[in-house]
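**Q** let's see this in three dimensions:
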Amino acid sequence: MSSDPRYPLRSLLFVPGTKTEWLAKAEAAGADAAILDLEDAVPAPQKARARARVAEAIAAWTGDMALFVRINPLDDWAAAEDLRAIAHEGLAGVVLPKVATAEDIRLADRLLGWCEREQGLPQGSIALVPLLETASALRDAHAIAAAARRVAYAGAVTAPGGDVERAVGYRWTAHGTETLALRSRVLLDVRAAGAPHPVTGLWTHVTDLAGLRAFARQNRDLGYEGMMAIHPTHVPVINEEFSPTPDDLDRYARLIAAVEEAKAAGSGAVTFEGAMVDEAMVVTARQMLERHALL
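**A** Numbering: from 1, shown residues only. So this is what the prediction gives:
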């Protein structure tokens, strides 16, 4: 799974399926991806129309922002109808809600495979993002992440007052201490399963950008590569926190040069700016520079 070519996403912004015209706002905000929502954001009487609007928007999309769709849960035929409508070469991935077990992933994988064949798309081209919203899913995160090669961008999403809080029973705080262990363990499970580019979320306080920044930084420090977002004003903060600074990139380049110089002199390790570094640190530095197209 580690060979999956999918690229990192820093910010994935939810857009209601009934408001596809907001895609332009999402792209203007700088979102790496938009998640068109056919589930919670759409009242039942409007789901068929929203599905059609989302399918039209994906087919017509010409922007650089990646497009995902959160479909309805797999316990209803609406999910299959969603998949058949939205499967298109412009679709980057499907966000699957209410995942309970790895079998949900295997079923979604088969359904997506049929849709890809029907539309003449490469097999596995559509990513699958499981939302771990039940206690059983959070407990079995490794099995879920490993259940299909198309799984990507998985992680623990610990918003206040939602499905995860109800399932686990924690009391949400802005500091995130009550979910720190949960986010850390799920991240390790996803990494161990080989599913690429884990993301987390959500921060639901629209005007509290300082709180968002602290939460995003905590998640980046844990090892997540991005966050889901609910408001365009959150996107620039998230993008900044999940991007290296120019000083970071410059330090990576200096580190590589220092170790290469030491190797040329017959030494495998060197003191670099007060710390011992070796080839393992060089690998990390090269990966970061390659990701940002500086090598």
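
**Q** the protein: strands as residue ranges?
**A** Secondary structure of the chain (DSSP state E): strands located at 11-16, 33-37, 66-70, 93-96, 127-130, 199-200, 226-229, 269-272, 275-278.

**Q** leaving out the residues flanking it, which one is nearest to residue 117?
**A** Using C-beta to C-beta, 6 or more residues apart in numbering and skipping the chain neighbours, the partner closest in space to residue 117 is residue 123 (7.4 Å). (C-beta placed from N, C-alpha, C; glycine too.)

**Q** surely residue 53 touches residue 17?
**A** Yes: using C-beta atoms under 8 Å, residue 53 makes contact with residue 17 at a distance of 6.5 Å.

**Q** looking at the two, which is more packed in?
**A** A side-by-side neighbour count of residue 53 and residue 17, using other C-beta atoms under 10 Å, places residue 17 first with 28 against 20.

**Q** how about stretch 64-83: buried residues?
**A** 65-74, 78-83 (16 or more other C-beta atoms under 10 Å).

**Q** measure it end to end?
**A** Stretch 64-83 has its terminal residues 22 Å apart, counting by C-alpha to C-alpha, to the nearest Å.

**Q** that stretch: how far from the chain's middle?
**A** Remark: stretch 64-83 is offset 16 Å from the chain centroid, using C-alpha atoms, centre = their mean, to the nearest Å.

**Q** same question for stretch 181-196.
**A** 12 Å.

**Q** quick check: mean pLDDT across it?
**A** For stretch 181-196, the mean pLDDT works out to 98.

**Q** just the CA trace of that stretch, in PDB.
**A** What follows is stretch 181-196, C-alpha atoms only, in PDB (Å, rounded to 0.1, in the frame of the first residue of the first chain):
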ATOM      1  CA  ALA A 181      -4.600   9.200  23.000                       C
ATOM      2  CA  LEU A 182      -7.400   8.300  20.600                       C
ATOM      3  CA  ARG A 183      -6.000  10.400  17.700                       C
ATOM      4  CA  SER A 184      -2.500   9.100  18.400                       C
ATOM      5  CA  ARG A 185      -3.500   5.400  18.400                       C
ATOM      6  CA  VAL A 186      -5.700   5.700  15.300                       C
ATOM      7  CA  LEU A 187      -2.800   7.500  13.500                       C
ATOM      8  CA  LEU A 188      -0.400   4.600  14.400                       C
ATOM      9  CA  ASP A 189      -3.000   2.100  13.200                       C
ATOM     10  CA  VAL A 190      -3.400   3.800   9.800                       C
ATOM     11  CA  ARG A 191       0.400   4.200   9.400                       C
ATOM     12  CA  ALA A 192       1.000   0.600  10.200                       C
ATOM     13  CA  ALA A 193      -1.700  -0.500   7.700                       C
ATOM     14  CA  GLY A 194       0.100   1.500   5.000                       C
ATOM     15  CA  ALA A 195      -2.800   3.700   4.100                       C
ATOM     16  CA  PRO A 196      -1.300   7.000   2.900                       C
END
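
**Q** rewinding a little: could I get the strands of the chain as a markdown table with distance to residue 110 and mean pLDDT?
**A** Putting the strands of the chain into a markdown table (distance: least, C-beta to C-beta, whole Å; pLDDT from 0 to 100) gives the following:
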| stretch | distance to residue 110 | mean pLDDT |
| --- | --- | --- |
| strand 11-16 | 25 | 98 |
| strand 33-37 | 22 | 98 |
| strand 66-70 | 18 | 98 |
| strand 93-96 | 13 | 98 |
| strand 127-130 | 11 | 98 |
| strand 199-200 | 24 | 98 |
| strand 226-229 | 26 | 98 |
| strand 269-272 | 50 | 87 |
| strand 275-278 | 45 | 88 |
